[in-house]
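Asker: give me a model of this one.
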Amino acid sequence: MLEGMPHPENLDNHFVVDPAKFDFYAMDCYRLVGEDKLARTLAEEVLRVGTDFDRTDRSPMRNAEARVTLGVTAAREGDLEQALIMGARALEGDRKSVPSLIMTSRELAAEMRRRCAAEPAAQDYLNRLHTLAEEKPGFLPR
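Answerer: Numbering: from 1, shown residues only. Next comes the predicted model:
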């Protein structure tokens, strides 16, 4: 539907979809419905577009969410190491919308609890999320 629409004139209008963010929105949808291959492909594209040649993030929050998506898909595949790497990288950086990052990270936390709760590294990651969420109660249930 979005592809058939004309390019929006005012991207500051919150009621229009910026075509440059389409892959980001689709990535979220695919992750939420469990279409991991598509979610992973779009997360990789979000990171490619959102990273400068010197590897700095141009879109820190979009890239953080893409890393969470890669973490979720890795956890679902049983790759705890990759899930933890992506989860930790999502929490790095100076610019953070903590409530948004915590809400997205809940999915990775749930996969960690479901698949590898007894692993010390998973517990460390979950504790780090809880520490981050202390200022925002209710975002990350134990």
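
Asker: residue nearest the middle of this protein, spatially speaking?
Answerer: Of all residues in the chain, the one closest to the mean position by Cα atoms, centre = their mean is residue 65, 2.1 Å from it.

Asker: quick check: that residue vs residue 56, distance?
Answerer: Noted for residue 65: a distance of 17 Å to residue 56, by Cβ to Cβ, to the nearest Å. C-beta coordinates here come from the backbone N, C-alpha and C atoms, glycine included.

Asker: for residue 131, same thing?
Answerer: Taken as Cβ to Cβ, the span from residue 131 to residue 56 is 26 Å.

Asker: same question for residue 10.
Answerer: Using Cβ to Cβ, we find residue 10 at a distance of 28 Å from residue 56.

Asker: hmm, residue 93 is touching residue 62, no?
Answerer: No: the pair residue 93 and residue 62 fails to qualify as a contact (Cβ atoms under 8 Å) at a distance of 11.7 Å.

Asker: how long is stretch 16-23 end to end?
Answerer: Chord length of stretch 16-23, first to last residue, is 15 Å (Cα to Cα, to the nearest Å).

Asker: check the offset of that stretch from the chain's centre.
Answerer: Its chain's C-alpha centre and that of stretch 16-23 lie 17 Å apart, by Cα atoms, centre = their mean, to the nearest Å.

Asker: now swap in stretch 99-117 and tell me
Answerer: Offset of stretch 99-117 from its chain centre (Cα atoms, centre = their mean): 10 Å.

Asker: buried sites along it?
Answerer: 101-109, 111-112, 116 (16 or more other Cβ atoms under 10 Å).
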